[in-house]
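Peer 1: predicted structure and sequence below. I'll ask about it afterward.
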Amino acid sequence: MKFNTKTIHGGQEHDPAYGAVMPPIYQTSTYAQSTPGGHKGYEYSRTHNPTRHALEKSFASIENGTYGLAFGSGLAAIDAVIKLLKPGDEVISTNDLYGGTYRLFTKIFEDFGIKFHFTGLQEASNLESHITDKTKLIWVETPTNPMMNIIDIKAVAEISKKHNVLLAVDNTFATPYLQQPLDLGADIVMHSATKYLGGHSDLIMGALIVKDKDIANRLYFIQNASGAVCGPQDSFLALRGIKTLHVRMQRHCENGEKIAKFLKDHPKIEKVYWPGFEDHPNHEVAKSQMKAYGGMISFVTKDSNYDDAIKIIENLKIFTLAESLGGVESLAGHPASMTHASIPKEEREKTGVVDSLIRLSVGIEDAEDLINDLKQAIG
């Protein structure tokens with residue numbers, strides 16, 4: 001089954017009760033039993049829910065995985081992955097990553113004795129000098145948030161397997177439409193399903209997908225024991241969103257390319273970060289592991305500062321100033337004061353997240369309207 005068909009049919013069955021094409025919203029906390037332990041596969045909705053189960057099978061299908069898990073948020077999904085570890089274990093992560101992930105690692109789990117190393121992973125060989133017998137997990141984003149750095153998943157996977165270390169990839173920016181990390185050797189794929197998978201800015205959700213049964217069972221235990229699951233209504237919305245993922249992503253990519261090229265040619269723009277440019281670092285890696293280059297773009301204007309960036313964002317009319325990304329509507333954000341504010345300024349600026357940086361999530365509106373909006377805002 002090809003990807004475009006998987007988004008609609010992958011892992012899905014018609015509802016056994018009445019043949020409903022879409023899985024019903026099973027808005028229930030518990031299920032009747034004929035005798036203690038005698039039930040129809042569901043006993044309590046924190047553990048299992050038919051609507052969530054249908055979504056989790058869809059997650060697994062579109063990422064070419066075997067097991068899918070749905071959580072109440074992307075951070076809840078990341079939290080579950082780190083709970084695979086124990087005090088004294090160490091994690092290697094890219095130094096350019098979502099601020100919420102950095103906050104969870106440094107402000108929560110470091111207090112429980114887990115050590116995190118943040119380093120540039122654009123060259124996979126950098127890993128070798130950081131791996132010790134205490135290293136148990138490598139955490140990768142690609143493209144990274146917000147600098148769009150590209151990491152060679154296959155090369156990192158080869159190193160992780162050589163040292164018997166788990167590799168988890170945050171695939172939120174690319175989605176499985178553009179790349180499938182499990183096929184490149186990753187052990188765990190994570191999504192903030194709030195973003196492109198849901199696609200309509202109407203839910204908060206996280207996803208994990210794996211192939212290995214033992215890892216899956218450990219994560220299912222954590223999911224149930226910790227209880228950070230999503231509800232059936234959000235599961236229904238996410239499943240509906242996935243059914244149009246392929247057509248939405250095609251337009252996100254088409255619009256993203258047009259806007260990236262417009263910005264690069266604009267006389268007031270200093271630098272545009274978008275993996276589709278031949279001079280973008282690791283462009284050839286992106287070309288080899290991604291189907292296209294996505295709708296996420298970051299840029300800085302010439303001789304700009306914090307005030308200039310804020311003025312541009314506030315002048316936008318079609319782009320909405322808001323947190324998040326990946327919805328059908330175009331959004332603009334200021335990473336230094338929004339998504340990455342939890343990262344110390346000195347650390348942020350080392351990776352390029354300066355006060356003048358603007359991040360765009362290019363939606364599926366008419367590209368000409370979006371370009372005209374940027375023209376009037378930049379001036």
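Peer 2: On my side now, so go ahead.

Peer 1: is the residue nearest to residue 77 when sequence neighbours are not counted in a bridge, and if so with what?
Peer 2: Spatially, and ignoring its direct neighbours in sequence, residue 77 is nearest to residue 206 (3.2 Å; C-beta to C-beta, 6 or more residues apart in numbering). Where C-beta positions appear, they are placed from N, C-alpha and C, glycine not excepted. Beta-bridge pairing of residue 206 under DSSP bridges involves residue 71, residue 192.

Peer 1: which parts of the stretch 1-150 of the chain are helices?
Peer 2: 3-9, 50-62, 74-82, 99-103 (DSSP state H, counting those that start in this stretch).

Peer 1: what does the shortest one contact?
Peer 2: Going back to what we said before, that points to helix 99-103. With contact meaning C-beta atoms under 8 Å, 6 or more residues apart in numbering, helix 99-103 is reached by 74-75, 78, 93, 118, 139, 141, 170, 335, 339-343.

Peer 1: state the mean pLDDT of the helix or strand harbouring residue 239.
Peer 2: Using DSSP states H and E, the element containing residue 239 is helix 232-242. The average pLDDT within helix 232-242 is 98.

Peer 1: and the next helix-or-strand element following that helix with helix 50-62, angle?
Peer 2: As assigned by DSSP H and E, the chain's next helix or strand after helix 232-242 is helix 245-265. Calculated by axes from the mean of the first three to the mean of the last three C-alpha atoms, to 10 degrees, helix 245-265 forms an angle of 60 degrees with helix 50-62.

Peer 1: can I get helix 245-265 as CSV, trimmed to CA atoms?
Peer 2: Taking Å, rounded to 0.1, in the frame of the first residue of the first chain, the C-alpha atoms of helix 245-265 are listed here in CSV:
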residue,chain,number,x,y,z
LEU,A,245,-1.9,14.7,5.3
HIS,A,246,-0.5,13.9,1.8
VAL,A,247,-2.5,16.5,0.0
ARG,A,248,-1.8,19.2,2.6
MET,A,249,1.9,18.4,2.7
GLN,A,250,2.2,18.7,-1.1
ARG,A,251,0.8,22.2,-0.9
HIS,A,252,2.9,23.1,2.2
CYS,A,253,6.0,22.1,0.2
GLU,A,254,4.9,24.0,-3.0
ASN,A,255,4.2,27.2,-1.1
GLY,A,256,7.3,26.8,1.1
GLU,A,257,9.5,26.7,-1.9
LYS,A,258,7.9,29.8,-3.5
ILE,A,259,8.2,31.8,-0.3
ALA,A,260,11.8,30.6,0.5
LYS,A,261,12.9,31.8,-3.0
PHE,A,262,11.0,35.1,-2.6
LEU,A,263,12.8,35.8,0.7
LYS,A,264,16.2,34.8,-0.7
ASP,A,265,15.9,37.3,-3.5
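
Peer 1: run the chain-centre distance for it.
Peer 2: Relative to the centre of its chain, helix 245-265 is centred 18 Å away, using C-alpha atoms, centre = their mean, to the nearest Å.

Peer 1: could you do stretch 290-310 as well?
Peer 2: Offset of stretch 290-310 from its chain centre (C-alpha atoms, centre = their mean): 19 Å.

Peer 1: mind checking how far the most centrally placed residue in the chain is from residue 192?
Peer 2: When C-alpha atoms, centre = their mean is applied to the chain, the residue found nearest the centroid is residue 172 (1.8 Å). Distance, residue 172 to residue 192, by C-beta to C-beta, to the nearest Å: 5 Å.

Peer 1: tell me, what's touching the two both at once?
Peer 2: Counting by C-beta under 8 Å, 6+ apart, the residues touching both residue 172 and residue 192 are residue 74.

Peer 1: can I assume residue 371 is in contact with residue 259?
Peer 2: Yes. The pair residue 371 / residue 259 is scored as a contact, 6.3 Å apart, by C-beta atoms under 8 Å.

Peer 1: out of the two, which sits in the busier spot?
Peer 2: Between residue 371 and residue 259, residue 259 has the larger neighbour count (other C-beta atoms under 10 Å), namely 24 against 17.

Peer 1: check which residues of the lowest-mean-pLDDT helix or strand in the chain are buried.
Peer 2: In the chain, the helix or strand scored least confidently by mean pLDDT, DSSP states H and E is helix 345-350, which has a mean of 87. Residues of helix 345-350 classed as buried: residue 348 (neighbour count, 16 or more other C-beta atoms under 10 Å).

Peer 1: now do that helix: which elements does it pack against?
Peer 2: Judged by 3 or more C-beta pairs under 8 Å, 6 or more residues apart in numbering; DSSP states H and E, helix 345-350 is in contact with no other helix or strand.

Peer 1: avg pLDDT for whatever helix or strand comes next after that helix?
Peer 2: Helices and strands here follow DSSP H and E; after helix 345-350, the next one along the chain is strand 358-361. Taken as a whole, strand 358-361 has a mean pLDDT of 98.

Peer 1: next: stretch 157-176.
Peer 2: 98.

Peer 1: can you check stretch 28-35 too?
Peer 2: Stretch 28-35 shows a mean pLDDT of 95.

Peer 1: now the terminal residues of that stretch, how far apart.
Peer 2: Counting by C-alpha to C-alpha, to the nearest Å, you get 19 Å between the two ends of stretch 28-35.

Peer 1: who touches it?
Peer 2: By C-beta under 8 Å, 6+ apart, the list of residues contacting stretch 28-35 reads 39-40, 42-45, 49, 232.

Peer 1: so what are the domain limits for the protein?
Peer 2: Domain ranges of the chain: 3-242, 246-378, per automatic domain parsing.

Peer 1: on that earlier part again, do I have it right that the residue nearest to residue 77 meets residue 68?
Peer 2: No. In this structure, residue 206 is not within contact of residue 68 by C-beta under 8 Å, at 11.2 Å.

Peer 1: sorry, back to before: narrow the contacts of helix 99-103 to those that are buried.
Peer 2: Among the contacts of helix 99-103, the ones that count as buried (16+ other C-beta under 10 Å) are 74-75, 78, 93, 118, 139, 141, 170, 335, 339-340, 343.
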